[in-house]
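Chemist: test case, fold it:
(chains A, B, C and D)
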Protein chains: 2
Amino acid sequence: MDPERVASALAAMPAPESIEELAQIFGLLSDPPRMRLIIALLRGGEMCVCDIAAVSGHRESAVSHALRLLRAHHVVRVRRSGRLAYYRLDDSHVRMLLDLGLSHITHVPVAHSSAAH
Amino acid sequence: MDPERVASALAAMPAPESIEELAQIFGLLSDPPRMRLIIALLRGGEMCVCDIAAVSGHRESAVSHALRLLRAHHVVRVRRSGRLAYYRLDDSHVRMLLDLGLSHITHVPVAHSSAAH
DNA sequence: TCGACATATGAGCAAGCGTTCAGATGTCGC
DNA sequence: GCGACATCTGAACGCTTGCTCATATGTCGA
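Modeler: Numbering: from 1, shown residues only, chains lettered A, B, ... in the order given. Model (predicted):
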């Protein structure tokens, strides 16, 4: 046991609400269907709900629920046109997060210019 | 509806097992206690289980379970010395993942040299 | 204005996940 | 070798979470 190290680690800990929010963001990416949905938007650019449902293989209702969550966390953005709702990624962090995640599972060392292509 | 876009998005979709694994990695980071644990190792360097338990505020048993998970996914690495087990981060992707996540929740635009400090 | 369609929302249920307790393994000092 | 300690493991309970069904809102064509 090393009380000093414990104390300094505790002192360097971010605010609880930051940790909470951080965990929530990663939680959004921890669900395969939601991941498929995000990757679809990453590749396809902008798509309407029914197309996203077709790609992700889930009911439109489930997709709508998922998109609401992602919207609340500024991961996706809506553009409404008549009765269609077009969604696209709202933020470039997500793209980098996915690239980094892929680098991890393939055990590719981190390059400074982040993998991707 | 745009069948072509759907088809091309489906074609560009990674293998199901890649998506699964990717989601699992993010799932590891989606739990606040586990997140605290990881951040503790990020700041504190190398710590034994009892110290990690003290920092994360959970029982050693829970910490041990969590560490096992993280170990299985190459997020942490053990070094055993007698009856103590010292853990440290095994991989630099995690650090970047956390930095990126923090950038997201604070709405900081992505810099090429990743924010952080 | 009326019916059809696209999306959004609420309630309820099933499954996955993390915690805890209890017990096992292994190492050190005597 | 024996007792104490650090860590690990297995089983079970409770909570969270995402799905589906049913329904509401809103928009377009006739």
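Chemist: off-centre distance for the helix or strand containing A:G27?
Modeler: Element membership of A:G27, judged by DSSP states H and E, is helix A:16-28. Counting by C-alpha atoms, centre = their mean, to the nearest Å, helix A:16-28 is centred 12 Å from the centre of its parent chain.
Chemist: same for that helix, what does it pack against?
Modeler: Judged by 3 or more C-beta pairs under 8 Å, 6 or more residues apart in numbering or on different chains; DSSP states H and E, helix A:16-28 is in contact with helix B:16-28, helix B:32-44, helix B:92-105. To be clear about C-beta, it is placed using only N, CA and C from the backbone, and glycine gets the same treatment.
Chemist: I figured A:V55 hits B:M13, correct?
Modeler: Yes. A:V55 sits in contact with B:M13 when judged by C-beta atoms under 8 Å, with a separation of 7.4 Å.
Chemist: give me the common contacts of the two.
Modeler: Shared contacts of A:V55 and B:M13, defined by C-beta atoms under 8 Å, 6 or more residues apart in numbering or on different chains, comprise A:R36, A:A40.
Chemist: got JSON lines for the helices and strands packed on helix A:16-28, with distance to A:E21 and mean pLDDT too?
Modeler: Compiled in JSON lines, the helices and strands packed on helix A:16-28 are given as follows (distance: least, C-beta to C-beta, whole Å; pLDDT from 0 to 100):
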{"stretch": "helix B:16-28", "distance to A:E21": "15", "mean pLDDT": "92"}
{"stretch": "helix B:32-44", "distance to A:E21": "10", "mean pLDDT": "91"}
{"stretch": "helix B:92-105", "distance to A:E21": "5", "mean pLDDT": "86"}
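Chemist: so which of these comes closest to A:S103?
Modeler: helix B:92-105 (5.8 Å; C-beta to C-beta).
Chemist: what sits up against that closest one?
Modeler: Residues contacting helix B:92-105 (C-beta under 8 Å, 6+ apart): A:18, A:21-22, A:25-26, A:74, A:91, A:93-94, A:96-97, A:100-101, A:103-104, A:109-110, B:29, B:38-39, B:42, B:75, B:89, B:108-110, B:114-116.
Chemist: buried only: go through those for me.
Modeler: A:18, A:21-22, A:25-26, A:74, A:91, A:93-94, A:96-97, A:100-101, A:103-104, B:29, B:38-39, B:75, B:89, B:114 (16 or more other C-beta atoms under 10 Å in any protein chain shown).
Chemist: and the helix holding A:G27 with DNA strand C, contact?
Modeler: No. Using C-beta under 7 Å from any atom of the strand, helix A:16-28 stays clear of DNA strand C, with a minimum separation of 9.6 Å.
Chemist: next to DNA strand C, which bits of chain A? Give me the list.
Modeler: A:48-50, A:53, A:60-61, A:64-65, A:67-68, A:78, A:83-85.
Chemist: switch the cut-off to 10 Å
Modeler: Contacts of chain A with DNA strand C, taken as C-beta under 10 Å from any atom of the strand, map to A:27, A:30-32, A:47-54, A:59-69, A:71-72, A:78, A:80-87.
Chemist: name the helices or strands packed onto the helix or strand containing A:V78?
Modeler: Using DSSP H and E, A:V78 falls within strand A:76-81. When contacts are defined as 3+ C-beta pairs under 8 Å, 6+ apart, strand A:76-81 sits against helix A:60-72, strand A:84-89.
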